[in-house]
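# structure for the following, please:
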Amino acid sequence: MVLGPPWCLRCGAPAAATVATCRDCPPRQVFLARAPFGFEGPIRRAVHRLKFAGWRPVASALGEAMAAAWSGAPFEPEAVAWVPLSRARRAERGYDQARALALVVGPRLQVPVLPLLRRVGDPGPQARRGGQARRAAMLGMFEAAPAPPARVLVVDDVLTTGATAAACAQALLGAGAREVALLTAARAVSSVRSAAGPVPGPILAGGLASGSVVAPGRGSPAVDASRGRSDPRKPTLGR
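Numbers count the residues shown, from 1 in each chain. Presented below is the predicted three-dimensional model:
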């Protein structure tokens, strides 16, 4: 599902008519949110390949789509940051998928990518928790670098309840940022979907059709070749 107007002006969730806010909006700490796709079908599988199979070409394709989705957003970031993984999860996966997306988005928006956030705790899997429980679990899970830019765009893979994004935003606001926005590859929505159509192919940068970003399976050279590679550029924020 490709997202576009009519939608919620604050969070980009599809709607039958344009609205200022909606029930899918993230918590108030997040000034604005956008995503190019709904979290379903081939996009859901693509995000899972990126997160769990280490297929890095997906980051390039999704990052291009994310940058395009940000075009026209009423927010001009001074820096792009990302939602960091815990040390344990980063070691397990071999890289940080949100950082991989940010390194694509930043140059496309001509905005520096900065390691402004550090995860100081891990509440464990959030999938079975509701929105209120997620928000409670994420409190205090992030620290921000001192004196961040006034307007920060935080990148992540998926927006669900917005609990993680809100925790990141709260940390940045507490450190001195004035406004924090969120850009994800996909988002879960519970509101009216009639405004969003099915995913056409090709939808992703570089001419990748929607199925092509999820086709390789376990043992595929494309997956095996990218799994475990670490990006030589490392965050400089203290651990």
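# who's in contact with the residue nearest the centre of the chain?
The residue lying closest to the centre of the chain (Cα atoms, centre = their mean) is residue 156, at 2.1 Å. Contacts for residue 156 (Cβ atoms under 8 Å, 6 or more residues apart in numbering) come out as 82, 83, 98, 101, 164, 165, 182, 183, 184. C-beta: built from backbone N, CA, C; applies to glycine.
# that one bridge partners, please.
residue 184 (DSSP bridges).
# state the pLDDT value of it.
You'll see residue 156 listed with a pLDDT of 97.
# use 858 as the first number from now on
In the new count, where the first residue is 858, that last one comes out as residue 1013.
# and it, how far from residue 938?
10 Å (Cβ to Cβ, to the nearest Å).
# what does residue 1030 give?
Applying Cβ to Cβ to residue 1030 and residue 938 gives a distance of 13 Å.
# do residue 905 as well
23 Å.
# nearest residue to residue 891 other than its sequence neighbours?
residue 869 (4.5 Å; Cβ to Cβ, 6 or more residues apart in numbering).
# can you give me the helices in this protein?
Secondary structure of the chain (DSSP state H): helices located at 898-905, 914-927, 944-950, 954-966, 988-995, 1020-1032, 1078-1083.
# buried ones in the longest one, by neighbour count?
Buried residues in helix 914-927, defined by neighbour count with 16 or more other Cβ atoms under 10 Å: 914-924, 926-927.
# packing partners for that helix?
helix 898-905, helix 954-966, strand 1036-1044 (3 or more Cβ pairs under 8 Å, 6 or more residues apart in numbering; DSSP states H and E).
# just these: most buried one?
The highest average neighbour count among the helices and strands packed on helix 914-927, using mean count of other Cβ atoms under 10 Å, belongs to strand 1036-1044 at a mean of 26.
# quick check: angle from that strand to helix 954-966?
Per axes from the mean of the first three to the mean of the last three Cα atoms, to 10 degrees, the angle that strand 1036-1044 makes with helix 954-966 is 110 degrees.
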